[in-house]
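> got a predicted structure plus its sequence, pasted below:
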Amino acid sequence: LSFLNKSYLLLCFLLVLSCNKAKNKIQQTDSKPNIVLIYMDDLGYGDVGFNGGEIATPHIDNLANGGMVFENGYASSATCTPSRYALLTGMYPWRKKDAKILTGTAPLLIDENQETIAKVLKKAGYTTGIVGKWHLGLGNGTLNWNKQIALGPNQVGFDHSYIMAATQDRVPTVYIENGNVVNLDPNDPIEVSYEENFIGEPTALDHPELVEMKWHHTHNNSIVNGIPRIGFMKGGTNAKWVDTTMSKTFLKEAQRFVTDNKDNPFFLYFALHQPHVPRTPNPKFVGKSGMGPRGDVIMEADWTIGQLISTLEEKNILNNTLIIFTSDNGPVLNDGYYDDAVEKLGSHKPWGEFSGGKYSLLEAGTHIPLLTYWKGNIEPGVSKALVSQLDILASLSDLVGESITKTDSKNLLSTFLGKSSVGRTELVIEAMSKTALRKDEWVMIPPHKGPKVMKSQNIVTGSLGDYQLYNLINDIGEQENLAQSNASKLHEMIKVFEDIKGE
Ligand code: NG6
Ligand code: CA
């Protein structure tokens, strides 16, 4: 090559390089980072290494060490559907009568006109996707699984969806992509009922010999992959998911979404199914935790998250991605199957120092792990600010410069980005349609009917016939009821609670 040719080549090379740089600059704006919201199912405050858990969660811990950890982060509710409703819409779920644990055939809970995180981000130019657990209803009451489902995530702001309809323990046990059941054979249509079985279909009650995972309470209807579920299902043989590869399937879809959208801002709601029941780790993870399937699937989820982060790194977009990691509600050991979760727990404390668990108004129900991570933009640290998943909507709206109408969501953007230590002052928490108030370091639980303990799950519900008042700074385990001894604080709390609830 002549000297002239060489310098010409060099010039071209430099030109391409600077063009790429300029292109990257457009993408890497601080106001439009990619957003990945990782939402776990039933993961307790203490289930992660960074909150003192004994299960190895190195990838999640890396996010915690490089990001902002919230010690006072809350899900809106102690169960799945209401928490997910609040997360996406920024509205308290107790304002919505049907925001309760849904069956697999329940209609779409979110109104088509309602604001959602996905809609707001879409308006700001984002491509939006959900991969994983939906559990917010589908259709308008009459669901035909063999046709395109007209109402679902795609109608409330998601450009792309790859979901399970409800929970892993509920039928239909199929994946749904943009409203269509994946791998459905039209000659083997799916029927689903939560009322009665289909003639000739085996259930755990009449065919116990077909059951490979023993049920403890409920979960004795249709058997899929040897696992008895809640609800009855017929047909759709080719479409049925394989439980042990669910994590891989969701990961693959999440990676595909990221790869397809690496050149434009995207929002990925990655709603993992772990460690909800039935706990079905991939063989690669069986026995890894020493705590039985519950520990194993938490390790599997951690690995899955690590893989997704590697993809972001490989595509060179990790630095331009805001990651939020949290869980829909607190932990439960026995949630319906015999799977050694209780027997093999050892000294690990899924609920950390809190009392209660999933379904409970006591702290462990809603006080969940929460962190934000954004390399180069969020200084690593720990925040004591009171924040709720409700606040993600208003905060992300602010980040991308969109306005929203009045909701229960508070704009805590600078807190989520670690630039302020100010959180909300108060928050109404919900568990199984009962509510309580957290304000500053205080919790007030009004009198509620119902059992003190859920026997099958061995969880203290927080329901008592009298008022309860706890100071979380002195009494994180909510053992000492101060309602009698601190009447003035109690009355102040009742007043705030009733004002918010409009009572
Ligand atoms: C409960 C189920 C439980 C689980 C839960 C949903 C019984 C007694 N218990 O009704 O096993 O499926 O619903 O969990 O049936 S959630 O995390 O999706 O809210
Ligand atoms: Ca859940």
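Thanks, I have it. Please read these numbers as outputs of a predicted model, since none were measured by experiment. Ligands and ions are numbered 1, 2, ... in the order given.

> now for residue 30, how many residues are close by?
By the criterion of other Cβ atoms under 10 Å, residue 30 has 12 neighbours. In short, each C-beta sits where N, CA and C put it, glycine included.

> then residue 448?
19.

> any low-confidence regions in the protein?
1-29 (pLDDT under 70).

> list the contacts for the residue of it at minimum distance from ligand 2?
With Cβ to the ion, the shortest gap between the chain and ligand 2 falls at residue 80, namely 3.5 Å. For residue 80, the contact set (Cβ atoms under 8 Å, 6 or more residues apart in numbering) comprises 41, 42, 101, 133, 135, 167, 276, 328, 329.

> of those, list those near ligand 2.
Contacts with ligand 2 within the contacts of residue 80, counted by Cβ under 5 Å from the ion: 41, 42, 328, 329.

> thinking again about what came up before, okay, the contacts of residue 80 in a markdown table with neighbour count, secondary structure and distance to residue 480 next?
Below are the contacts of residue 80 laid out as a markdown table (neighbours: other Cβ atoms under 10 Å; DSSP: H, G, I helix; E, B strand; the rest coil; distance: Cβ to Cβ, whole Å):
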| residue | neighbour count | secondary structure | distance to residue 480 |
| --- | --- | --- | --- |
| 41 | 25 | coil | 32 |
| 42 | 26 | coil | 28 |
| 101 | 16 | coil | 31 |
| 133 | 27 | strand | 37 |
| 135 | 28 | coil | 36 |
| 167 | 25 | coil | 36 |
| 276 | 24 | coil | 32 |
| 328 | 30 | coil | 29 |
| 329 | 30 | coil | 25 |
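
> from these, pick the one nearest residue 155.
Ranked by distance to residue 155 (Cβ to Cβ), the contacts of residue 80 are led by residue 135 at 15.9 Å.

> so how far is residue 33 from the residue of the chain closest to ligand 2?
As defined by Cβ to Cβ, to the nearest Å, residue 80 lies at a distance of 28 Å from residue 33.

> do residue 289 as well
On the measure of Cβ to Cβ, residue 289 and residue 33 end up 33 Å apart.

> same question for residue 413.
According to Cβ to Cβ, residue 413 stands 12 Å off from residue 33.

> surely residue 204 meets residue 217?
No - using Cβ atoms under 8 Å, residue 204 makes no contact with residue 217, being 11.8 Å away.

> doesn't residue 223 fall inside a strand?
Yes - counting by DSSP: H, G, I helix; E, B strand; the rest coil, residue 223 is located in a strand.

> who does it form a beta bridge with?
residue 228 (DSSP bridges).

> quick one, what contacts it?
With contacts defined as Cβ under 8 Å, 6+ apart, residue 223 is in contact with 202, 203, 204, 207, 210, 211, 229.

> just residue 442 next, same as before
Contacts for residue 442 were tallied using Cβ under 8 Å, 6+ apart; they are 469, 470, 471, 472, 489, 493.

> for residue 266, same thing?
Here residue 266 is in contact with 34, 35, 126, 127, 128, 129, 257, 258 (criterion: Cβ under 8 Å, 6+ apart).

> lovely, talk soon.
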